[in-house]
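K.L.:
Any chance you can model this:
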Amino acid sequence: MITLTYRIETSESIEALAAKIASDQSTGTFVALPGETEELKARVAARVLAIRHLPDAVQPSIPEAGNGPFKRADVDIAFPFDAIGTDLSALMTIAIGGTYSIKGLSGIRIVDMKLPDDYRGAHPGPQFGVAGSRKLTGVEGRPIIGTIVKPALGLRPHETAEMVGELIEAGVDFIKDDEKLMSPAYSPLAERVKAIMPLILDHEQKTGKKVMYAFGISHADPDEMMRNHDLVAKAGGNCAVININSIGFGGMAYLRKRSSLVLHAHRNGWDILTRHPGLGMDFKVWQQFWRLLGVDQFQINGIASKYWEPDASFIESFKAVTTPIFSPDDCALPVAGSGQWGGQAPETYQRTGRTVDLLYLCGGGIVSHPDGPGAGVRAVQQAWQAAVDGIPLAEYARSHAELARSIEKFGDGRAA
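P.N.:
This is a model prediction of the structure:
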């Protein structure tokens, strides 16, 4: 059985709406069909397993829902595996399908999903994940420290390469194209690869350390996306940024089957599904689809994010991508980003269970350091060392100039 948990909100009967969802998403029709029997329906019909009542909603999640009170409950509904199989598009159709169209609901949200063992091995899952990302970057015992090339700067390939060169020399572990930087006229992907990869390979030859650079290869045409992939791989690259919502399940499946690169997932657009607390789908559910399809690294915002997401949501997202679906090998490397600088390192370390198994991604928090991107890298490294050693940042900064300057610059929380 595949079990989905729906958070139902209604002014009507919770029990009746739960039964309606189970019926509509499996065997229900508005009129009896020829050949329909109770025995036939019993084989493929979904059924309500449990109802856990919650406090009433003060206001309806859908404004035009009418008059309350608006009752709420978490409802577990089991769907027969034989009716869905391991096709993720079928699973998503069942999970969402017509559920949001059902009359009488003032709110509906999918908050959990439990998959049967039949899904184990049915999809490739991460090719590299946490262990592969660490092996390729050569980083152990601390977070992978990364930064972003921002498209808002309008940097041309040779200008991007100049910044990359400084970051590499400063000891950065990971650099990525911003999700909006794919192949614009001012910086075509082929020209970026041509300008950047020689710097990375030369540094590797000199030091043995190969900085991981994630090039933006997303494209609506899977064949064109694969050509972008091959361009990066042929030049010696080992990572790619994938806008997973934009390429869809089919694009991701097509890419993963053929990929030799670490696939770094940007979840832009996810907020549409989840930002209203009474509607949509929890990240806990949604991320399972993409991990099964093969995401290696998953961006999940961070502590004191510059966006809407509260810290508690980041912690839940962190737990989600690091909790095995079937085995530790299907976990993705969590990527903390969005307005990060060294200042959030201590709280991130504490609230993620004192783990260093993450990629700590700072955009402006590194490249906008008052003494340049190189100093920005060193400041974040120093902040994480202080966090792990349990030394307050202000104290550590007395003997670490880059961190001190970073606190001066970003201490008000403004690290874009």
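K.L.:
so the residue nearest to residue 269 when sequence neighbours are not counted is in which element?
P.N.:
Counting by Cβ to Cβ, 6 or more residues apart in numbering, residue 269 lies nearest to residue 245, which is 3.7 Å off, once chain neighbours are set aside. The C-beta positions use only the backbone N, C-alpha and C, and glycine is treated the same way. Assigned by DSSP states H and E, residue 245 belongs to helix 244-258.
K.L.:
Against which helices or strands is that helix packed?
P.N.:
Helices and strands touching helix 244-258, by 3 or more Cβ pairs under 8 Å, 6 or more residues apart in numbering; DSSP states H and E, are helix 88-95, helix 222-234, strand 262-266, helix 283-293.
K.L.:
Just give the number of residues close to the residue nearest to residue 269.
P.N.:
Counted by other Cβ atoms under 10 Å, the residues lying close to residue 245 total 18.
K.L.:
cool, residue 50 as well?
P.N.:
Around residue 50 there are 13 other residues, counting by other Cβ under 10 Å.
K.L.:
Over to it: give its phi and psi.
P.N.:
phi -160, psi 150 (degrees, to the nearest 10).
K.L.:
Which residue lies closest in space to it, excluding its sequence neighbours?
P.N.:
That would be residue 76: by Cβ to Cβ, 6+ apart, it lies 4.5 Å from residue 50.
K.L.:
Tell me the secondary structure at that neighbour.
P.N.:
strand (DSSP: H, G, I helix; E, B strand; the rest coil).
K.L.:
neighbours around it, how many?
P.N.:
17.
K.L.:
Domain map for this structure?
P.N.:
2-119, 129-410 (automatic domain parsing).
K.L.:
For those domains, state which one has the densest average packing.
P.N.:
domain 129-410 (a mean of 20; mean count of other Cβ atoms under 10 Å).
K.L.:
ok, the residue nearest to residue 269 touching residue 268?
P.N.:
Yes - between residue 245 and residue 268 there is a contact under Cβ atoms under 8 Å: 6.4 Å.
K.L.:
what's near enough to touch the residue nearest to residue 269?
P.N.:
267, 268, 269, 270 (Cβ atoms under 8 Å, 6 or more residues apart in numbering).
K.L.:
ok, of those residues, which one's closest to residue 178?
P.N.:
Using Cβ to Cβ, the shortest approach to residue 178 within these belongs to residue 268, at 10.2 Å.
K.L.:
Can you give me every residue that contacts that closest one?
P.N.:
179, 243, 245, 246.
K.L.:
Which one of those is nearest to residue 83?
P.N.:
residue 245 (26.7 Å).
K.L.:
For this protein, just list every one of the strands.
P.N.:
2-10, 47-57, 70-79, 105-114, 144-149, 174-177, 212-216, 239-243, 262-266, 279-281, 297-299, 333-336, 359-362 (DSSP state E).
K.L.:
Note down every partner strand of the last one and its orientation.
P.N.:
Here strand 359-362 has these sheet partners by DSSP bridges: strand 144-149 (parallel), strand 333-336 (parallel).
K.L.:
Residues touching it, excluding its own?
P.N.:
Contacts for strand 359-362 (Cβ under 8 Å, 6+ apart): 133, 143-148, 174, 176, 297, 299, 302, 333-337, 340-342, 345, 348, 376, 380, 384, 415.
K.L.:
can you check the longest one too?
P.N.:
Contact with strand 47-57 is made by 3, 7, 9, 14-15, 18-19, 22, 68-78, 106-107, 278, as judged by Cβ under 8 Å, 6+ apart.
K.L.:
One more pass at 7 Å, please.
P.N.:
By Cβ atoms under 7 Å, 6 or more residues apart in numbering, the list of residues contacting strand 47-57 from outside reads 3, 9, 14-15, 18-19, 22, 69-78, 107, 278.
K.L.:
For residue 138, grab phi and psi.
P.N.:
Per-residue torsions, residue 138: phi 70, psi 20 (degrees, to the nearest 10).
K.L.:
contacting residues for it?
P.N.:
By Cβ under 7 Å, 6+ apart, the residues touching residue 138 are residue 209.
K.L.:
try the one 5 residues further on
P.N.:
The contact partners of residue 143, taken as Cβ under 7 Å, 6+ apart, are 356, 358, 359, 360, 384.
K.L.:
What confidence value was assigned to the nearest residue to the last one once chain neighbours are set aside?
P.N.:
Distance criterion Cβ to Cβ, 6+ apart; nearest residue to residue 384, sequence neighbours excluded, is residue 345 at 4.8 Å. The predicted local confidence for residue 345 comes out at a pLDDT of 96.
K.L.:
what's the answer for the one 4 residues further on, then?
P.N.:
The predicted structure scores residue 349 at 96 on the pLDDT scale.
K.L.:
Quick one: end-to-end length of stretch 203-223, please.
P.N.:
32 Å (Cα to Cα, to the nearest Å).
K.L.:
Select the longest helix from this structure.
P.N.:
Determined from DSSP state H, the single longest helix within the chain is helix 189-207.
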